[in-house]
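Could you look at this predicted model? Sequence included:
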Amino acid sequence: MALTEELTFRLGDSGVILNTDSTAIPFVDIQKVAGLDSAPYRETQRDHEGTDGGFLDAEFERARPILLTGEVYADSSTMETYLDSLKADYAPSTTLVPFYLKAPGVPERVVFVKPQGCRYDWDQLRRIGKAGIQFKMLAEDPRVYTATLISVDVPFSAGASTGFGFNLGFNFGFGGSSGTDGTFVTNSGNRPTPVVFTITGPCNTPTIRDDTYGHSLTFNIILASGETLVIDTQYKTVKLNGTLNRRNTLVDPDWFFLEPGLTFIRYNAVSGAGSTMNISFRSAWR
C-alpha cells in the first residue's frame, strides 16, 4: 500500500509506518533524516606536479547511508513489545528491501536498502512511555527511484533499421508515446536509470536499439516460442528464461541506461513475428 501522508517512511511493503499524523499510541515521531541528500562521492585527489593545484576524480557515488532519528511514544506496559516489532522490521537482510518515503509535492519514492537495525537506550523516559530511537540503513545502489515500476511493451520491427526521423518528429509534435516500430519511454528523474528488457520468443538475433542516443544491444541467439531473454543493464546480465547465463550471446556490448527525459526504443530481429519485448524501469533521482 502506497504512503499517502506527507513526510512518512516505511521499510518493506508491510513494515511499521513512521511519522504518521496519528497520535494514537504507539507511534514513532521522526525528528531528523540524514542520507537523502546527495550520496557521498568516491573521490581521488592527486597533486599537479610542477605547478599549483591538483586533480579531483569524483565521477561515481558510494553506497548511501541513511539514518532516521526520532522518538517512540507508547504505553509503558507495551513499549517493549512495540520496540520488538521495530527491531524485527529493521533486522539484517541478505536481500535488498524497499525503503519508501513520501516527501511533500512529489510522488512516493523508494531506495533499496539493507537495514542495519534500531538503536535506543534505556533511560528514565521509559517510565513515561518514551524512548529516543535511530533507524540505520545502507543503500548499495545510491539512486532514489520512483516507487511505481514502469512497464512498457515495444512492438517488433522486422529488420535492423536505424534512425528515428519520422517517429521523433511525429510523437513530439502531436504528443504520442509510440510509433509503429518502437516506443518512447520517459525517465522523469534527473539521472540515468537502469532498465530491464525482457524479450519473448520466437525470434532470431534480437536487437535492442536506443535511437535517441545511438546505443544498441544485439544477441546472437534463437529463442523458441515462449522462451525469454532477460537483459538487466544495471548488473550487465543476460539470462535465458530468467536463470541460465547467456551473456556470451551479446555482440559488441554497448550497455546503456535510460537518460532523463524521452528515449525512443526499438526492438528488431532477423525474424520475430509474434515476439514481444517488455521494458521495465523506475525513474531515478540523485
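Arrived safely, thanks for sending.

What is the burial count for Tyr267?
Neighbour count for Tyr267, taken as other C-beta atoms under 10 Å: 25. Any C-beta I mention is one placed from the backbone N, CA and C, and that applies to glycine too.

Give me the below-cutoff pLDDT ranges for the stretch 151-286 of the chain.
158-180 (pLDDT under 70).

which stretches of it form helices?
165-174 (DSSP state H, counting those that start in this stretch).

could you pull out the strands for it?
Applying DSSP state E, counting those that start in this stretch to the stretch 151-286 of the chain gives strands spanning 156-158, 182-187, 195-200, 203-204, 207-210, 215-219, 222-223, 228-232, 237-240, 244-245, 250-251, 261-269, 276-281, 284-285.

between those strands, which one is nearest to Leu149?
With C-beta to C-beta as the criterion, Leu149 lies closest to strand 276-281 of the strands of the stretch 151-286 of the chain, at 6.3 Å.

Report the beta-bridge partners for the nearest residue to Leu3 once chain neighbours are set aside.
Once flanking residues are discounted, Leu3 sits nearest to Lys102: 4.0 Å by C-beta to C-beta, 6 or more residues apart in numbering. Here Lys102 sits in beta bridges with Thr8, going by DSSP bridges.

any idea of the pLDDT on the residue of the chain most remote from its centre?
Distance from the centre of the chain peaks at Gly50, with 44.4 Å (C-alpha atoms, centre = their mean). Looking at Gly50, its pLDDT reads 90.

you'd agree it is in a helix?
No. Counting by DSSP: H, G, I helix; E, B strand; the rest coil, Gly50 is not part of a helix but coil.

May I have the phi/psi pair for it?
phi 90, psi 0 (degrees, to the nearest 10).

so which of the strands of the stretch 151-286 of the chain is the most packed in?
strand 207-210 (a mean of 23; mean count of other C-beta atoms under 10 Å).

Partner strands of that strand, with direction?
Checking strand 207-210 against DSSP bridges gives partners strand 215-219 (antiparallel), strand 261-269 (antiparallel).

export those to a markdown table and tack on distance to Leu18?
Below are the strands paired with strand 207-210 laid out as a markdown table (distance: least, C-beta to C-beta, whole Å):
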| stretch | distance to Leu18 |
| --- | --- |
| strand 215-219 | 40 |
| strand 261-269 | 33 |
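
closest to Ser157 out of the ones you listed?
Ser157 lies closest to strand 261-269 among those, at 5.2 Å (C-beta to C-beta).

Quick check: the residue farthest from the centre of the chain vs Leu56, distance?
18 Å (C-beta to C-beta, to the nearest Å).

likewise Gly105?
In terms of C-beta to C-beta, Gly105 sits 34 Å off from Leu56.

now swap in Arg127 and tell me
Look at Arg127 and Leu56: by C-beta to C-beta, they are 52 Å apart.

what's the first-to-last distance across stretch 195-208?
One end of stretch 195-208 to the other measures 12 Å (C-alpha to C-alpha, to the nearest Å).

I appreciate the help and will end here.
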